[in-house]
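Asks: Generate coordinates for the sequence data below:
(one chain, ligands or ions: 1)
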Amino acid sequence: MEGRSKPAVGELLIEVRDLAKHYGPIRAVDGISFEVRRGDVLGFLGPNGAGKTTAMKMITGFVEPDRGSVRVAGHDLADESLEARRKIGYLPETAPAYGEMTVAGFLEFVAEARGIDNIAAALDRVVQAAALGRVVHQTIETLSKGFQRRVSLAQALIHDPEVLILDEPTDGLDPNQKASVQELITILSAGRAIVLSTHILDEAERVCNRALVISQGRILVDSTPEELIAKAPNHNVMRLVLDSTSLPDLMTSLEGKPWCDRVERLSETTIDIYPQSGENHLGALMELTAGLEIHSIHLQEGRLNELFRDITRGVEA
Ligand code: ATP
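Replies: Residues are numbered from 1 along each chain as shown. Take a look at the predicted model:
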């Protein structure tokens, strides 16, 4: 799958300088700075409790920072709060609070609060974008978690903002819904600056052109998702489940193959094949296994948790 790497050339829409917030003794966010341009999708990656949500709440004006500044489309969030907040759409981590309202009623309510003139047109646009057509008259509390996420996404889009802050936009969605929301984010990124948080490396690769690894409130790595994936332990390891009678033949064929670094046998029928330098050699393996009794081959993406552990230990990741 292709990432969306491209040089950042758009207009500066988000400028975050030395943002910090503590809760008692906890430094939730500890002095982070970054910029996002129009057309960029920036991923916040990090373990639980890293400070991603707190950072997003400060960027959207829901939490007051202890220090630092946020500018949105040239407006300082502290000095020109209304102008800055008008430019932002925010998908929070939690479900919409108005469970007893219908989807249409809730979106209308948000549109009125935002002072939107043509509410019907705005509703049509976001209902279509978030694929809510068939649940529009249902109350929010009766929806699945996936649909509730999409209602949240629709309210974030209702005023057609230039800046989108999305806290785990695909959390709780099934694989098809995840893919369609990822596609939507890519479409939306064309004229906007987007910041999203995710626990999934693959998602960052699909939708983000830049990734910040955050841990203990600090930015540890500013990179592309592709570079992170290449450094993730177990990247491109091929897990093979095959008939035990086919295993000796395969082991013989793998011997001396320059692309094969080592093979780990997990059981009578399951092996992990580690490629040289983390490269993708699925094609070569498929050739070798032709004619053998193979049950499944799974190409591993790399383990995000281990990548975080390496990075936070200060190991060169
Ligand atoms: P997750 O991926 O689990 O959502 P996160 O990276 O979004 O985590 P935050 O929710 O920002 O992390 O939390 C950062 C730290 O701040 C954590 O230690 C958390 O317990 C703490 N924290 C967040 N909000 C509050 C609060 N309102 N009061 C006290 N501590 C808080």
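Asks: what does this structure have sitting close to the ligand?
Replies: 23, 26, 28, 46, 48, 49, 50, 51, 52, 53, 54 (Cβ under 6 Å from any ligand atom). Backbone N, C-alpha and C define where each C-beta goes, glycine included.
Asks: so how many other residues sit close to residue 109?
Replies: For residue 109, the neighbour count with other Cβ atoms under 10 Å is 14.
Asks: Do you know the pLDDT at it?
Replies: What the model reports as pLDDT for residue 109 is 95.
Asks: what residues does the helix or strand hosting it touch?
Replies: Using DSSP states H and E, residue 109 maps to helix 103-113. With contacts defined as Cβ atoms under 8 Å, 6 or more residues apart in numbering, helix 103-113 is touched by 96, 98, 101, 119, 122-123, 126-127, 132, 135-138, 140, 143, 151, 154-155, 158-159.
Asks: got the CA positions of that helix in CSV?
Replies: Listed next in CSV are the C-alpha coordinates belonging to helix 103-113 (Å, rounded to 0.1, in the frame of the first residue of the first chain):
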residue,chain,number,x,y,z
VAL,A,103,-28.8,12.1,14.4
ALA,A,104,-30.5,14.8,12.3
GLY,A,105,-31.7,16.6,15.5
PHE,A,106,-28.2,16.6,17.0
LEU,A,107,-26.5,17.8,13.8
GLU,A,108,-29.2,20.6,13.4
PHE,A,109,-28.5,21.6,16.9
VAL,A,110,-24.8,21.8,16.3
ALA,A,111,-25.3,23.7,13.1
GLU,A,112,-27.5,26.3,14.8
ALA,A,113,-25.0,26.7,17.6
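Asks: Distance from that helix to the middle of the chain?
Replies: Between the centre of helix 103-113 and the centre of its chain there are 27 Å (Cα atoms, centre = their mean, to the nearest Å).
Asks: Go through it and flag the buried ones.
Replies: Going by neighbour count (16 or more other Cβ atoms under 10 Å), the buried part of helix 103-113 is 103, 106, 107, 108, 110, 111.
Asks: Of the residues of the chain next to the ligand, which belong to helices?
Replies: 52, 53, 54 (DSSP state H).
Asks: a markdown table for these, including neighbour count?
Replies: Below are those laid out as a markdown table (neighbours: other Cβ atoms under 10 Å):
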| residue | neighbour count |
| --- | --- |
| 52 | 27 |
| 53 | 21 |
| 54 | 23 |
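Asks: Quick check: residue 81 touching residue 64?
Replies: No - Residue 81 is beyond contact range of residue 64, at 10.8 Å (criterion: Cβ atoms under 8 Å).
Asks: mind checking which helix or strand residue 176 is in?
Replies: Going by DSSP H and E, residue 176 is in helix 175-188.
Asks: ok, the nearest residue in space to residue 286 that is not next to it in sequence - contacts?
Replies: Distance criterion Cβ to Cβ, 6 or more residues apart in numbering; nearest residue to residue 286, sequence neighbours excluded, is residue 297 at 7.5 Å. Listed by Cβ under 8 Å, 6+ apart, the contact set of residue 297 reads 238, 239, 240, 241, 282, 285, 286, 289.
Asks: Closest one of these to the ligand?
Replies: For those, the closest approach to the ligand (Cβ to the nearest ligand atom) belongs to residue 239, at 27.1 Å.
Asks: so what's that closest one bridging to?
Replies: Note on residue 239: beta-bridge partners by DSSP bridges are residue 272, residue 298.
Asks: No further questions, thank you.
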